[in-house]
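Novice: only geometry, no sequence info:
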C-alpha cells in the first residue's frame, strides 16, 4: 500500500488545526473511520450539505450518494482506491439534506497510524455546481454551433491550423468543393488553388494578410475535386486564445459563379445597349436626307405611275425604318433609365386618333378592317401623349403584322371607375401559352416560325409594356391558342370625365400675332378647320389691343417681329390677367432657343413650319387649362382635380 497521510499534529497545534478546519466554509472537510463512518464535521460541510454535525456523525458517508451509486457500491469503491493508492479524487453528483443534487469534487486521503495501520480517511468536498453549469452551457453552445456549421450547405466553413492544414470540414464545404472530410482533413488548403496561384504563393499571402489585418477577403477562381473551377468569395479570420496565441484560422468560402456570370451578362448587355443607341443615332443621319428627298418627290409632279409607285414604296419603307430606329433608341434609354415622361393634360381620344393615323398605311396595305370604339364622353389623363401614342401604335402594328391580309382589328376603350381600359384585339395567328410568357421579353418575337415571316426586332411590345408601367398601368396578352387571334389589354389609372357648361365645350378662341401675313392667314385657316374661332393681328401693339377685346384662350405669337417683339408682347398679354396659353412661334428650334422661350414664361414652343401634330397638342393643352380654370370656378379644389377630366369636345 502506498504511503498515506500520517500527519499527527501536537496537542496545542492540533487544537489550532481543528479550529482552522472548523472555520473553513467553502470546503466540506470531515473525517471517516476505516469503515467509512463520519467522525468529524466542519462548518463548510454543513454549509454545502445542509446537515449539522449531530445529524451525520456516526452515519456512513454513503448517505450523500444517489441510490444508483450506492447500489453499485461506489462509496466503498472510493475508499478501496484511497487505501490502495493513498489518495482518490473524483467528481460526481452528491445529495444535500433537502434531497437536491450538487456537483461535487471529492478528495479522499487514507490516514495511517504510526504503526502503518489504517486509522481512517480525510474527505474534502467542494461544490462545483456553478462551474459545471457554465461548462455545460459552453458545451451545449459549442455543440449547437457545431451542428449549425455542419448543417450549412451554401457556405464552405472549415478550420485551418496555424500552418494552413485543414482541421475541420462542414457539409457546405463538401458540396461546394466535392471532397469528403476524410479526403481533406490533414491536407494543406492550397489544394483548392490552381497550380499557378499555388506556385505564386497566393494561399500563404492570404494567411499573412489575415494575420496582419485581422481579416482577409478575396475573390478568385478555385478548383473543385473534379478539376472544374468556380468563382469564390473567400474570408479568412485568425483565431487566437485568451493569451493571444494563434490557434489557427477560420475560412468561409462562397460559390459566386452565378453572380459573376450575371454581372458579366449585365456588363455585356450594357455594352450592347450602348452600341444600339449609337447605331440608332448614326442611322438617323442618312434617314434625314432620304426623307427630304421623298418629300421633294411628293411635291414634284410625277407623270410616271411606275415612279409614283416606287416613291410610295420608299415612303412606306422609310417610315417603317424610322420607327425601328426610334425603337432602338428607346431600348437604350429604357435600359439606362433615361426615358422620361413629359406628362400633361391629355385628351385620350386624340391620342388614339394619332396612333391610328400612324398605322393607317400598314393597315390599308394589308387590307385589314380596323374599328375603334370609345366612350361617348371625352376622357382626360395626366400622361405623356407621345409615349401613349407609341404604346397604341406598337400594339396596332403588332396586330396588323400577325393578322393575315383582310383580317379584323378592334381597338376598344372603356372607363371603369377611374381606370381606363384599352384593348387591341385581332383575329390573326394567335399565341401559344409559351409565347404569351415570352412575348414581352426584349428581342422576343413569340412564335419563331410565325415571326420569321415578318420583319421586326422584337422590341415593340417590350417598350409598350415598360411605357405603360411607367404610367402606373399594366399591359397583358391573351390568346385562346394558335389560329384563335390575340388581344393585348392595358389599364391606365386616374382617368375621369366631368361635365361642365356648354361654353367650355365650344370652339376655342385663338389669336395669331405674326407680322408675316401669309403665315398668319394660312395658320388661321388651319385652326378654323380644327373648329377654332380665330383672330389675326400683324403687329404687336395690334395684337395686345385685340387680345383685350377678344379674350383668347390660345395665342400663337411670332417672336421675331419688328417694333414690339414677341417677348415684349408676351409680357403685355400676361398683364391682361386672362386665362390663356401663349405659344411662341419661331424659325429657331435649337435647345438654347427653347430654353430662352421657357424662361420667358411661354407655355409652348412651335417651330416654323408648324407641325400639325404639335399644333394639335397645343390645342389640347389649352383646352385642359381652360377646363382646370372652370373646375376651380365650380368649387373643385386643385388637389381634387389632378386627374379630373372634362368633356371639352363631342364626338
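Specialist: Nice, thanks for sending it over. Quick caveat: nothing in here was measured; it's all calculated off a predicted structure.

Novice: Can you tell me the element the most far-flung residue of the chain relative to its centre falls in?
Specialist: The centre of the chain is farthest from one residue, residue 115, which by C-alpha atoms, centre = their mean lies 89.6 Å away. Residue 115 is located outside every helix and strand, with elements delineated by DSSP states H and E.

Novice: What pLDDT does the model give it?
Specialist: According to the prediction, residue 115 has pLDDT 88.

Novice: quick one, phi/psi of it?
Specialist: Here is the backbone geometry of residue 115 (degrees, to the nearest 10): phi -80, psi 10.

Novice: Could you check how many residues crowd around residue 482?
Specialist: Residue 482 has 13 neighbours, counted by other C-beta atoms under 10 Å. Heads up, the C-betas are built off the backbone N, CA and C, glycines and all.

Novice: mind checking the SS state of it?
Specialist: Assigned by DSSP: H, G, I helix; E, B strand; the rest coil, the conformation of residue 482 is coil.

Novice: Next up, the contacts around it.
Specialist: Counting by C-beta atoms under 8 Å, 6 or more residues apart in numbering, residue 482 touches 429-432, 447.

Novice: With residue 407 instead?
Specialist: Applying C-beta under 8 Å, 6+ apart to residue 407 gives the contacts 366, 368-369, 426-428.

Novice: How are the helices of the stretch 251-400 of the chain distributed by residue range?
Specialist: For the stretch 251-400 of the chain, the helices defined by DSSP state H, counting those that start in this stretch cover 257-299, 305-335, 348-365, 385-401.

Novice: Make a markdown table out of those helices and add mean pLDDT, distance to residue 417 and mean neighbour count.
Specialist: Shown next, in a markdown table, are the helices of the stretch 251-400 of the chain (pLDDT from 0 to 100; distance: least, C-beta to C-beta, whole Å; neighbours: other C-beta atoms under 10 Å):
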| stretch | mean pLDDT | distance to residue 417 | mean neighbour count |
| --- | --- | --- | --- |
| helix 257-299 | 72 | 38 | 13 |
| helix 305-335 | 74 | 30 | 16 |
| helix 348-365 | 85 | 15 | 18 |
| helix 385-401 | 90 | 19 | 24 |
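
Novice: For those, give me JSON lines that also has distance to residue 27.
Specialist: Shown next, in JSON lines, are those (distance: least, C-beta to C-beta, whole Å):
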{"stretch": "helix 257-299", "distance to residue 27": "62"}
{"stretch": "helix 305-335", "distance to residue 27": "79"}
{"stretch": "helix 348-365", "distance to residue 27": "95"}
{"stretch": "helix 385-401", "distance to residue 27": "89"}
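
Novice: returning to what we had before: and the contacts of residue 407, which are buried?
Specialist: With burial judged by 16 or more other C-beta atoms under 10 Å, the buried subset of these is 368, 426-428.

Novice: in its sheet, what does the host helix or strand of residue 605 sit against?
Specialist: When secondary structure is defined by DSSP H and E, residue 605 falls within strand 604-607. According to DSSP bridges, strand 604-607 forms sheet pairs with strand 581-586 (parallel).

Novice: In this structure residue 214 contacts residue 237, no?
Specialist: Yes - if you go by C-beta atoms under 8 Å, residue 214 and residue 237 touch, sitting 7.5 Å apart.

Novice: ok so, going back, closest to residue 200 out of the contacts of residue 407?
Specialist: Ranked by distance to residue 200 (C-beta to C-beta), those are led by residue 428 at 62.6 Å.

Novice: for the stretch 401-550 of the chain, which spans come out with low pLDDT?
Specialist: For the stretch 401-550 of the chain, the stretches flagged by pLDDT under 70 are 442-458, 497-506.
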